[in-house]
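K.L.:
Coordinates for the following, if possible.
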Amino acid sequence: MDKEVELGSLEGEMATQHISQPQKRKGGLVTMPFIIANEALARVASLGLLPNMILYLMGTYRLHLAQATQILLWSHATSNFTPVVGAFIADSYLGRFLAVGLGSAITFLGMTLLWLTAMIPQARPPTCSSNKAGGCKSATGGQMAILISALALMSVGNGGLSCSLAFGADQVNRKDNPNNRRVLEIFFSWYYASAAISVIIALTGIVYIQDHLGWKVGYGVPAALMLLSTVSFLLASPLYVKNKVESSLFTGFVQVIVVAYKNRKLPLPPNNSPEHYHHKKESDLVVPTDKLSFLNRACVIKDREQEIASDGSASNPWKLCTVDQVEELKAIIKVIPLWSTGIMMSVNIGGSFGLLQAKSLDRHITSHFQVPPGSFSVVMVLTIFLWIALYDRAILPLASKIRGKPVRISAKRRMGLGLFFSFIHLVTSAIVESVRRRRAIKEGYLNNANGVLHMSAMWLFPQLCLGGIAEAFNAIGQNEFYYTEFPRTMSSVAASLSGLGMAAGNLVSSFVFSVVQNATSRGGKEGWVLDNINKGRYDKYYWVISGLSALNIVYYLICSWAYGPTVEQVQVRKLGEENGSRELEPSTEFRNGSQVDKEFQISKENGSKEEEELTR
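P.N.:
This is a model prediction of the structure:
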């Protein structure tokens, strides 16, 4: 009997080892090729469809420029909004693995449906020459439904694919690993490098295939790449770490609002009495901040015996919240005005006009090769990379050397600089379009939208470069600003806010487009928005957006002043007071309301003290 017990115990231990041993092997750098390949292939496939889409809608589906632009603007807005929804669903219900897997599969279905519109003649309007009745027929309701469904599926799938970065970080983020920071750095470096390469391949290779091999192959290649992306990700399923779903951050926001309203008549205790406030164990936040103090009532303890459970948590989270939850909601409310200033970065004519503009210019590099019009946006992408390198490796070191002390531009100021360069970019675009249109009229192309002018496409480079610099300043500044101002628990929200701003910008673009189109074509007049860009007045359209951009800069200055000092500035001020009111260079890592451990080494040289902040 004892032998049987020992044998059973041994079998149980072996079974336990058999179950737990593979778990220890899950994740790590071995999963990185599959996750990065999934993201890179998906990015090449999806971005490769965008540049020439306006030509497909106007040529194959014979939509007017205004209709095609509105469809693309709404599609872009949806694609930029679904990542926020995808992050919420992944963190609250599905988990990141299922979110990325389903997102990949849904995106593949959308691309396949789009490819079928090019392959099956009945799925699109007939060609004008094959129409025996004469004239050109427009797309039917069913044909438009197929097209819109394809774009919608790709937008929905993008919501799941957006969780790829966070899912990849889950695989290599192990706090017990002494080299954890270095492993994370390697992953992020390869991830962003692959993303950059994917953008360049999409804007050159895929666009070239569409221009020279037609829509059937041009849409078939992205669909095939998306299939490869989905299969490669799912094949590595046994290797992945699949973290359990945690409580929803958004549910916590609702709880704070509900509890604060219930306790609206409750007097607030003094902030220097942490025993009156409920907070998590080992939390750095023991008392709430003074700003938006009406929300502080959500974390006030009225009856400790009834409201606090034996483990220290709230007995009912709908009656008592933590200080952390209150500060998380405050961070969102406080940042909304400054976030809204970034919406203007994505307000434009619609993105399609740039392609038609490039198509009308001389794009020859040699006598036998010309750049596809859809590939010119790669100039903006390359400018972003070059500017980041110059800014970090040349401009800041040179400025520091000239001033004799370290120079650093805060994230909030970089957001403002990005808005300023965006304004200059729009003004330059208006001037270039005025010159292009005058040249078109002079050369006799007023009624010929397909004519190629004796004007080099190099005229587009200044506005593209300025747009890249604006994006580098504002987008990176936004991400760093949100990341440093928000608590650690809100890192995923911080990462999605920039994309949410792009979605809002696309919707504003659609609204401005409709207003300009209706206002300028009133009374039967030919408006500014015409299929023939030589007859249209897109230069005036650019001036309108430039004016809105100028107003947005004033709005940014007001919001920046109203926001007050950032967490970074507050920390530096406190550190300066603690160390004799000397100015210290801020660390790149701060968190809202949390105490970040810092070490300082004070050395004496020539009778003066130099304070140096060591990395954490």
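
K.L.:
Mean confidence (pLDDT) on the helix ranked longest in the chain, please.
P.N.:
Once the chain is assigned using DSSP state H, the helix that runs over the most residues is helix 411-442. Model confidence over helix 411-442 averages 92 on the pLDDT scale.

K.L.:
next one: stretch 148-159
P.N.:
Here the mean pLDDT over stretch 148-159 is 92, rounded to a whole number.

K.L.:
which of the residues in it are buried?
P.N.:
By neighbour count, with 16 or more other CB atoms under 10 Å as the criterion, the buried positions of stretch 148-159 are 150-159. C-beta coordinates here come from the backbone N, C-alpha and C atoms, glycine included.

K.L.:
Could you check how far stretch 298-307 is from the centre of its chain?
P.N.:
Using CA atoms, centre = their mean, to the nearest Å, the mean C-alpha position of stretch 298-307 is found 40 Å from that of the whole chain.

K.L.:
brain fart, stretch 435-444
P.N.:
Average the C-alpha atoms of stretch 435-444, do the same for its chain, and the two points are 38 Å apart (CA atoms, centre = their mean).

K.L.:
buried stuff in the helix or strand following the longest helix of the chain?
P.N.:
Next in sequence after helix 411-442, counting helices and strands by DSSP states H and E, comes helix 461-485. When neighbours are counted by 16+ other CB under 10 Å, the buried residues of helix 461-485 are found to be 463-478, 480-485.

K.L.:
so helix 461-485 versus helix 411-442, what angle?
P.N.:
Comparing the axes of helix 461-485 and helix 411-442 via axes from the mean of the first three to the mean of the last three CA atoms, to 10 degrees yields an angle of 160 degrees.

K.L.:
For helix 461-485, give the mean pLDDT please.
P.N.:
Helix 461-485 shows a mean pLDDT of 85 in the predicted model.

K.L.:
same thing with stretch 85-103?
P.N.:
If you average the pLDDT over stretch 85-103, you get 84.

K.L.:
got the buried residues for the host helix or strand of Ala224?
P.N.:
Counting by DSSP H and E, the element that carries Ala224 is helix 207-235. Within helix 207-235, the residues that qualify as buried by neighbour count (16+ other CB under 10 Å) are 207-211, 215, 218-230, 232-233.

K.L.:
for it, packing partners?
P.N.:
Using 3 or more CB pairs under 8 Å, 6 or more residues apart in numbering; DSSP states H and E as the contact definition, the elements that helix 207-235 packs against are helix 32-49, helix 96-119.

K.L.:
where along the protein do the strands fall?
P.N.:
Taking DSSP state E as the test, the strands found in the chain are 600-605, 608-613.

K.L.:
Helix or strand with the lowest mean pLDDT in the chain?
P.N.:
Least confident element among the helices and strands of the chain, by mean pLDDT, DSSP states H and E: strand 600-605 (a mean of 33).

K.L.:
Just give the number of residues close to the nearest residue to Gly342 once chain neighbours are set aside.
P.N.:
The spatially closest residue to Gly342, leaving aside those adjacent along the chain, is Gly501, at 4.5 Å (CB to CB, 6 or more residues apart in numbering). Burial of Gly501 is recorded as 22 neighbouring residues (other CB atoms under 10 Å).

K.L.:
State whether Gly501 and Ser346 are indeed in contact, as I suppose.
P.N.:
Yes: taking CB atoms under 8 Å as the contact criterion, Gly501 and Ser346 are neighbours in contact, 6.8 Å apart.

K.L.:
Now do Val287, the pLDDT please.
P.N.:
With respect to pLDDT, Val287 scores 80.

K.L.:
Return the distance of it relative to Arg264.
P.N.:
The spacing between Val287 and Arg264, counted by CB to CB, to the nearest Å, is 20 Å.

K.L.:
So for those two, which sits in the more crowded spot?
P.N.:
Val287 (19 against 9).

K.L.:
quick one, what contacts the closest residue to Tyr555 other than its chain neighbours?
P.N.:
Distances taken as CB to CB, 6+ apart put Thr341 closest to Tyr555, at 6.0 Å, once the chain neighbours are dropped. For Thr341, the set of contacting residues under the criterion of CB atoms under 8 Å, 6 or more residues apart in numbering consists of 415, 419, 552, 555-556, 559.

K.L.:
who wins for proximity to Gln67 among the helices and strands packed on helix 207-235?
P.N.:
The closest approach between Gln67 and any of these, judged by CB to CB, belongs to helix 96-119 at 16.3 Å.

K.L.:
Give me the residues contacting stretch 524-533.
P.N.:
Under the contact criterion CB under 8 Å, 6+ apart, stretch 524-533 has outside partners 58, 64-66, 353, 356-357, 360, 437, 447-449, 513, 516-521, 535-538, 540-541.

K.L.:
Which of those residues fall in helices?
P.N.:
With helices identified by DSSP H, the entries of the contacts of stretch 524-533 that belong to them are 58, 65-66, 353, 356-357, 437, 513, 516-520, 538, 540-541.

K.L.:
among those, who's most crowded?
P.N.:
If you count neighbours using other CB under 10 Å, the busiest of the ones in helices among the contacts of stretch 524-533 is Tyr541, which has 25 neighbours.

K.L.:
Disregarding residues adjacent in the polypeptide, which is nearest to that residue?
P.N.:
Nearest-residue entry for Tyr541: Trp528, 5.3 Å, with adjacent residues in sequence omitted and distances by CB to CB, 6+ apart.
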